[in-house]
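Q: Model the structure of this input:
(chains A and B)
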There are 2 protein chains.
Amino acid sequence: MDKKINIGIVGCGTVGLNVIKILQKHRSDINKKIGCGINIKWVCDKDSSRLKASNLPKEKLTTDSNKVIQDPEVNILVELIGGTDISRKIIIEALNNNKHVVTANKAVLSKYWDEIFSLALRKRVSVYFEASVGAGIPVIQSLNEGLVANKIQSIIGILNGTTNFILSKMTDDNMSFDEALKLAQKSGFAEADPTLDINGSDTAHKLSVLASIAYGNHLPFEKIYREGIANINLIDIKYAKNEFGYILKLLAIVKSDNNKISATVYPAFISAEHPLATVENEYNAIYIFGDSAGDIMFYGKGAGGPAAASGVTSDIVCLARNIFYRTAGKFPYVSYDKTLKLNIKPIEETECKYYLRFTTVDKPGVLANISGILGKNGVSIAACFQEQRHKKQSVPIFILTHKAKEGNIKKALKTIDSLSVINSKTVMLRILE
Amino acid sequence: MDKKINIGIVGCGTVGLNVIKILQKHRSDINKKIGCGINIKWVCDKDSSRLKASNLPKEKLTTDSNKVIQDPEVNILVELIGGTDISRKIIIEALNNNKHVVTANKAVLSKYWDEIFSLALRKRVSVYFEASVGAGIPVIQSLNEGLVANKIQSIIGILNGTTNFILSKMTDDNMSFDEALKLAQKSGFAEADPTLDINGSDTAHKLSVLASIAYGNHLPFEKIYREGIANINLIDIKYAKNEFGYILKLLAIVKSDNNKISATVYPAFISAEHPLATVENEYNAIYIFGDSAGDIMFYGKGAGGPAAASGVTSDIVCLARNIFYRTAGKFPYVSYDKTLKLNIKPIEETECKYYLRFTTVDKPGVLANISGILGKNGVSIAACFQEQRHKKQSVPIFILTHKAKEGNIKKALKTIDSLSVINSKTVMLRILE
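A: Residues are numbered from 1 along each chain as shown, chains lettered A, B, ... in the order given. Predicted coordinates for the structure are as follows:
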């Protein structure tokens, strides 16, 4: 084969090294698929020891990303450095230099979607990003092409391995949050600073990417209502599992209803029978409801070098083929329409069932008081459990509600929590049907 | 938009009608994706009453498929008539007339893969077939493109809704096979003549399609070892579920091991914890193990008009875009290499764990006899349960084996079943780890 597609990889961590390995190992299969070969022209990292690990000839290695960006022979720049500032700069400069871009970086996409995709559109180049959500799970391409015949009614995702690992250990092994987090760190499923995972930001970045594809314009991170799992108590996980067969998961949810879109990330209970309930530990899953296909679920490892490299490499192959056949950039990879107004529904207007745990003083009349306030706010009770009085200072009361408006439940809880008979802030968790 | 891609739909059943509906309903989104519009130029069915149901103008309707095949303006022929004879003829003639083809027909693909894909390669046209496996689940494109960075080590599929519905009802509701089949027929999940579903043929057709993509050449239906579910007894489903937490599923399995490929369809037990165990009723799932991505599962409705139409329409959209940008047929959609030798491993050489139920005379020494014969054939026992003697004529003995060769277990059972203390043919079911 004569022609080769030149790529430059910027960021030589585990994902980058695995991409190099895959391109070498599966060279002949990949070349067959494309019609020509792929040449790794540059590997760039600011840390030269990481470059050495690639085992590539010295003349391909550089610590200066400008060498890659400004090389007119480079067809595809593969951005694998993460973060949002330097990565944005590199992606924008690459696009400006007419290079196609592959990235695994959900944070930069969710923050600079408009800038990146409007520039790509203008420069007639493509940005591919399969590994940004669910690593090797081919959900981006599927949303984009395989499910193109569908109006996407909802997407529910377990998109973060760290938090799913922690919740799995709490649910299955009765660990406390702190114990589970420590185990996750020890097992390599959580970073030293897991803040962005625990507080739901990573999940919200990924939901921003999925929703922006599904609805044709940027759904920014800031528009996503977000709660993390740092305050989850084992009591609630155990009680809801044993009494109602509910499993707690950190869920990313986007729903389209009458042209209003709600986008939320929060821990929520789902029935143990739901396909998402069986997604355990570091695994991810994306459950999509399309108006023709019905419910479709994608499941797999959502992180790790080889899995992410699988997604990155499939992007490189698809793009390289489009370059070889001269169609790359002729059509936008994702539908992006700046003029399309996404009408975001505030969390207060969303509806679901709720699990409530009240910590009350052990006095007669407390339950009547609570249920009265709920009722006044339009929240109707589906089930109520008060443990036998046991002369302790605090007694828990568990309530499951029928479907209610988030705004109403929050108003009711504000009133209830200000009562003198309530000992601590009421626990409120959502239940997904 | 000026240019339009013309399609001709041959076969106007529920899938065809749903394709027409989707193309009309999502016209503007689909046009945006392609860059131009799609014109349904012909709808063909031998039954003119079905044509009327399409609500399309008379001049687009025909009972003569030659009109579609010979119309030089038709870019894509969509074959939705099923079966293998007429559909083969129509596909081959369409390809010969330089038309691209979309089909949902696994039977014709699994039978005529070589003829169809070598002709498509020669004529430089494409054949797309997303809906042939798993209806709207985008597994064909994913295997073909999204997982292109992977060597596929195994595929395990629940590919037939009828049999999965029946086994689910037996497992969850203690129905007999006959009761469950009747319910499936009443609920629209089984045809009046369900033979091809029950005996595993439909599953094997679909496995043939998946394996042929994954391994680059035709893996014919006849090379797939096949057992159906007609002889499954409720006793075994209940016993294995209650005692060992095993769930019985009709599984399509293809594995590549040292360049030897085994391809089988049979009912097998899997752990209740396995993601495939939670795939219930009419749902399908495909569990793929790639060397980089790890285990990936695709889940969704495997049948039904709207779901199948979702897959067919996504094919039409992808192909139409390739036609619009003049790349359609420049590269083969699936890797097809006639010279690639697929080395098929006979079932006798495959290995797994086995569940055995012996029906024995209630006499001392029977168990010793059975276990002796198993041992002599290299089959080692992992667990054994003999019910308390109860003066009945027959006593069941349940044995789980360690991993053993299929050839050895079959030899052992042949000897055992010829013993005078054995009252009826031993039940042997495989256990997937």
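Q: Confirm A:Val78 sits in a strand?
A: Yes. The assignment for A:Val78 (DSSP: H, G, I helix; E, B strand; the rest coil) places it in a strand.
Q: so A:Ile40 bridges to which residues?
A: For A:Ile40, the beta-bridge partners under DSSP bridges are A:Ile7.
Q: Spell out which residues of the stretch 1-150 of chain A are next to chain B.
A: Applying CB under 8 Å from any CB of the partner chain, we find that the stretch 1-150 of chain A lies next to chain B at A:18, A:22, A:26, A:29-30, A:32-33, A:35, A:130, A:135-138, A:141-142, A:145-150. Every C-beta, even on glycine, is put in place using the N, C-alpha and C of the backbone.
Q: so where does the closest residue to A:Ala149 other than its chain neighbours fall, helix or strand?
A: Nearest residue to A:Ala149, sequence neighbours excluded (CB to CB, 6 or more residues apart in numbering or on different chains): B:Thr313, at 3.5 Å. Assigned by DSSP states H and E, B:Thr313 falls within helix B:305-324.
Q: could you say what helices and strands that helix packs with?
A: Contacts defined by 3 or more CB pairs under 8 Å, 6 or more residues apart in numbering or on different chains; DSSP states H and E place helix B:305-324 against strand B:4-10, helix B:14-25, helix B:27-34, strand B:37-44, strand B:76-79, strand B:100-103, strand B:127-128, helix B:139-141.
Q: between the ones you listed, which one is nearest to A:Ala382?
A: Closest approach to A:Ala382 among these (CB to CB): helix B:14-25, 36.6 Å.
Q: ok, the closest one near chain A or not?
A: Yes. Using CB under 8 Å from any CB, helix B:14-25 comes into contact with chain A via B:Asn18, B:Ile22.
Q: What mean pLDDT does that helix get?
A: The pLDDT scores in helix B:14-25 average 97.
Q: Check stretch A:114-126 too.
A: 96.
Q: same deal with stretch A:310-329?
A: For stretch A:310-329, the mean per-residue pLDDT is 94.
Q: cool, and stretch A:208-224?
A: The model assigns stretch A:208-224 a mean pLDDT of 96.
Q: what's next to it, contact-wise?
A: For stretch A:208-224, the external contacting residues (CB atoms under 8 Å, 6 or more residues apart in numbering or on different chains) are A:106, A:109-111, A:113-114, A:117, A:129, A:132-133, A:139-140, A:143-144, A:152, A:155, A:157, A:201, A:204-205, A:207, A:252, A:254, A:256, A:261, A:263-265, A:286, A:334-338, A:340-342, A:344, B:29.
Q: Next step: those residues restricted to strands.
A: A:Ile152, A:Ile155, A:Gly157, A:Ala252, A:Val254, A:Ser256, A:Ile261, A:Ala263, A:Thr264, A:Val265, A:Ile286, A:Ile344 (DSSP state E).
Q: got those as a markdown table, with neighbour count, pLDDT and distance to chain B columns?
A: Formatted as a markdown table, the ones in strands among the contacts of stretch A:208-224 follow (neighbours: other CB atoms under 10 Å in any protein chain shown; pLDDT from 0 to 100; distance: CB to the nearest CB, whole Å):
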| residue | neighbour count | pLDDT | distance to chain B |
| --- | --- | --- | --- |
| A:Ile152 | 20 | 97 | 11 |
| A:Ile155 | 25 | 98 | 14 |
| A:Gly157 | 29 | 98 | 14 |
| A:Ala252 | 29 | 98 | 18 |
| A:Val254 | 26 | 98 | 17 |
| A:Ser256 | 21 | 96 | 13 |
| A:Ile261 | 19 | 97 | 16 |
| A:Ala263 | 28 | 98 | 20 |
| A:Thr264 | 23 | 98 | 23 |
| A:Val265 | 29 | 98 | 22 |
| A:Ile286 | 28 | 98 | 10 |
| A:Ile344 | 18 | 95 | 20 |
